[in-house]
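Student: The following comprises the amino acid sequence and a computationally predicted model.
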Amino acid sequence: MYVCLTGLVAILCLCMHSLYHAVFGSMLSKNKRPYDVDDLPRRKRCLHNVRDIWANNLLPSSRVQELLNDAADAGASGCRSMRRPATGNNTARNLRRAYLKRNQWPSLYLGSVRVKHPKSGEECVEQLAFMLPHESIEVLARLGDPTVLQARLGMDPKSQQHLESCEAKAGCQLVGVGLWGDGVPCNWDRTESAECFSVNLPGQAKDYKGLRLPVTTLSRKMIGPHTWHDIMEVIAWSFRHLAAGVWPLKRHDGPDFSKADARRATSAGQPLGIRGALVEVRGDWKMFAEVYRLQVSQVEQCCRFVLAVHLHT
């Protein structure tokens, strides 16, 4: 189960690697590729094209690897480093590792989450993979333009009011960040769904209005009585450090960073380089009722601003 959970978010990480080219190179659009063909050298176009095909699940991993091998044999220099056997049980894993080798996004953060076993129905603890919001925002600020992140032209008036209140307390300009929670069908007959959390930048009005950065996801069948609480503990911990503008000293549950978090241990306690505030929390009624334990009547009277305040505190 752990492998399945981590692999699902790792694929999202691969999509974010492709998204990097869109964020810093071209406009974001569902109808466009995550890279600008004209901005890429000819020797790299084939590699990016095949990666986009694989990331969108248009071809199985074995066929994608065959295409890369054929392109390398035909003289495509950008594909030579991707030449590998196209058969075997680990083709998909090897492709994922190869594509993620030089990506700019941080490694996945693994947190212990109490979930419901899909077969027995009993509660158990599994390692769930996260892409932490404060780390994703730090990458965008470090490799992009912080002033673009701090835009608020597309922000709701109440969200902007809340952001300005946070800025008054912080004494500096902050990036307004939103949190989205939603269920997404994940099979052909829509009988199964994955619960997904992502962050966005509500202040964006044009090019990056549709930007969504994944945080975590898991199967709906695994939601237990304590699952949402454990997930939100990790997310809230990350947002608190984004608000403070400091890299965490320890893990969200108290222990020191392990060897797997060596880079996080190196940055512990240092300035993040950017500060932000959670200004919106969006989702459907079902998500609000389950995650925040609100009654239906309370959900009707709730607003995005109120939810953001409660999550920060």
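Tutor: In hand now; what should we look at?
Student: Strands along this protein, start to end?
Tutor: 109-116, 123-130, 175-185, 193-200, 213-219, 276-282 (DSSP state E).
Student: could you dump those to CSV with mean neighbour count and mean pLDDT?
Tutor: Backbone N, C-alpha and C define where each C-beta goes, glycine included. Output for these, formatted as CSV (neighbours: other C-beta atoms under 10 Å; pLDDT from 0 to 100):
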stretch, mean neighbour count, mean pLDDT
strand 109-116, 20, 95
strand 123-130, 18, 95
strand 175-185, 20, 92
strand 193-200, 20, 92
strand 213-219, 22, 93
strand 276-282, 25, 93
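Student: any chance of these in a markdown table, plus distance to Ala55?
Tutor: Compiled in a markdown table, the strands of the chain are given as follows (distance: least, C-beta to C-beta, whole Å):
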| stretch | distance to Ala55 |
| --- | --- |
| strand 109-116 | 22 |
| strand 123-130 | 17 |
| strand 175-185 | 16 |
| strand 193-200 | 16 |
| strand 213-219 | 13 |
| strand 276-282 | 25 |
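Student: and of those strands, who's closest to Arg102?
Tutor: When these are compared by C-beta to C-beta, strand 213-219 sits nearest Arg102, at 19.1 Å.
Student: Which elements pack onto the closest one?
Tutor: With contacts defined as 3 or more C-beta pairs under 8 Å, 6 or more residues apart in numbering; DSSP states H and E, strand 213-219 has these neighbours: helix 2-25, strand 123-130, helix 133-143, strand 193-200, helix 227-244.
Student: By mean pLDDT, show me the worst of these.
Tutor: Ranked by mean pLDDT, those end with helix 2-25 at the bottom, a mean of 44.
Student: how long is stretch 244-264 end to end?
Tutor: End-to-end distance of stretch 244-264 (C-alpha to C-alpha, to the nearest Å): 16 Å.
Student: What of stretch 235-252?
Tutor: Its first and final residues considered, stretch 235-252 spans 9 Å by C-alpha to C-alpha.
Student: Can you get me a residue count around the nearest residue to Gln160 once chain neighbours are set aside?
Tutor: Setting aside the residues directly before and after it, Gln160 is nearest to Arg152 in space (C-beta to C-beta, 6 or more residues apart in numbering), at 5.5 Å. Other residues near Arg152 number 18, with proximity taken as other C-beta atoms under 10 Å.
Student: again, but for Gln161
Tutor: With neighbours defined by other C-beta under 10 Å, the count for Gln161 comes to 13.
Student: what about it, distance to Leu211?
Tutor: Here Gln161 is placed at a distance of 23 Å from Leu211 (C-beta to C-beta, to the nearest Å).
Student: repeat for Asn89
Tutor: When Asn89 is compared with Leu211 (using C-beta to C-beta), they lie 35 Å apart.
Student: Would you mind telling me which of those two has more residues around it?
Tutor: Neighbours around Asn89 and Leu211, counted as other C-beta under 10 Å, are more numerous at Leu211. The numbers are 16 against 6.
Student: and of the strands of the chain, who's closest to Leu58?
Tutor: Between Leu58 and the strands of the chain, the shortest separation by C-beta to C-beta is 18.5 Å, and it involves strand 175-185.
Student: And that closest one, what does it pack against?
Tutor: helix 133-143, helix 157-170, strand 193-200, helix 227-244, strand 276-282, helix 285-291, helix 304-312.
Student: got TSV for these, with distance to Lys119 too?
Tutor: As requested, these are arranged in TSV below (distance: least, C-beta to C-beta, whole Å):
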stretch	distance to Lys119
helix 133-143	32
helix 157-170	42
strand 193-200	18
helix 227-244	16
strand 276-282	32
helix 285-291	22
helix 304-312	33
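Student: Please identify the most buried of those.
Tutor: A comparison of the helices and strands packed on strand 175-185 by mean neighbour count, using mean count of other C-beta atoms under 10 Å, puts strand 276-282 on top with a mean of 25.
Student: who does it pair up with?
Tutor: According to DSSP bridges, the neighbouring strands of strand 276-282, each with its direction, are strand 175-185 (parallel).
Student: Can I get the partner strand in CSV? Just the C-alpha atoms.
Tutor: C-alpha atoms of strand 175-185 as CSV (Å, rounded to 0.1, in the frame of the first residue of the first chain):
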residue,chain,number,x,y,z
VAL,A,175,2.2,35.5,-0.8
GLY,A,176,-1.5,34.7,-0.7
VAL,A,177,-1.9,30.9,-0.9
GLY,A,178,-5.1,28.9,-1.3
LEU,A,179,-5.8,25.2,-0.3
TRP,A,180,-8.0,23.0,-2.4
GLY,A,181,-9.6,19.7,-1.4
ASP,A,182,-11.6,17.6,-3.8
GLY,A,183,-12.4,14.1,-4.9
VAL,A,184,-11.4,12.9,-8.4
PRO,A,185,-12.7,9.8,-10.1
